[in-house]
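> what follows is a predicted structure for the sequence shown.
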Amino acid sequence: MGEAKKKEPNLGIASGATGKTPKETMEGRRTQELVLAFCGPIGSGVSTVAKAFEESFKDYDYEIVYIKISDFIEQVGVEHGYSGLPSVL
């Protein structure tokens, strides 16, 4: 059997006012730093979407760093004397 081909991200569709493909836009960036944020209610599939983006960006050698805002909020709260945040579950 032949080897399975690596699935290439679909970045060939031109979009926006520039008419450039997303790949062309990324390759022409002045800086290679990107900040993306994903937000949604529990169970809405946000983590699935984030993982899909992670796989696409790995193809371009981006380092992925996850920052959970809830962890940041808790850290700031502790620094300001709060013993913990109430559970929402």
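Here it is on my side, so go on. Numbers count the residues shown, from 1 in each chain.

> starting at the chain centroid, how far to the top helix by length along the chain?
For the chain, the helix with the greatest residue count under DSSP state H is helix 46-58. Taking the mean of its C-alpha atoms, helix 46-58 sits 6 Å from the chain's own mean (CA atoms, centre = their mean, to the nearest Å).

> what of stretch 46-61?
In terms of CA atoms, centre = their mean, the gap separating the centre of stretch 46-61 from the centre of its chain is 6 Å.

> for stretch 64-78, same thing?
Relative to the chain's own centre, stretch 64-78 is displaced by 16 Å; criterion: CA atoms, centre = their mean.

> for stretch 58-70, same thing?
For stretch 58-70, the distance to the chain centre is 6 Å (CA atoms, centre = their mean).

> show me what counts as buried in that stretch.
Within stretch 58-70, no residue counts as buried by 16 or more other CB atoms under 10 Å. Every residue, glycine included, has its C-beta placed from N, CA and C.

> where do the helices sit along this structure?
Counting by DSSP H, the chain forms helices over residues 22-27, 46-58, 69-79, given from the N-terminal end onward.

> let me have the ones you listed in a markdown table, extended by distance to E33 and mean pLDDT.
Formatted as a markdown table, the entries for the helices of the chain read as follows, by distance: least, CB to CB, whole Å; pLDDT from 0 to 100:
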| stretch | distance to E33 | mean pLDDT |
| --- | --- | --- |
| helix 22-27 | 12 | 78 |
| helix 46-58 | 12 | 90 |
| helix 69-79 | 19 | 85 |
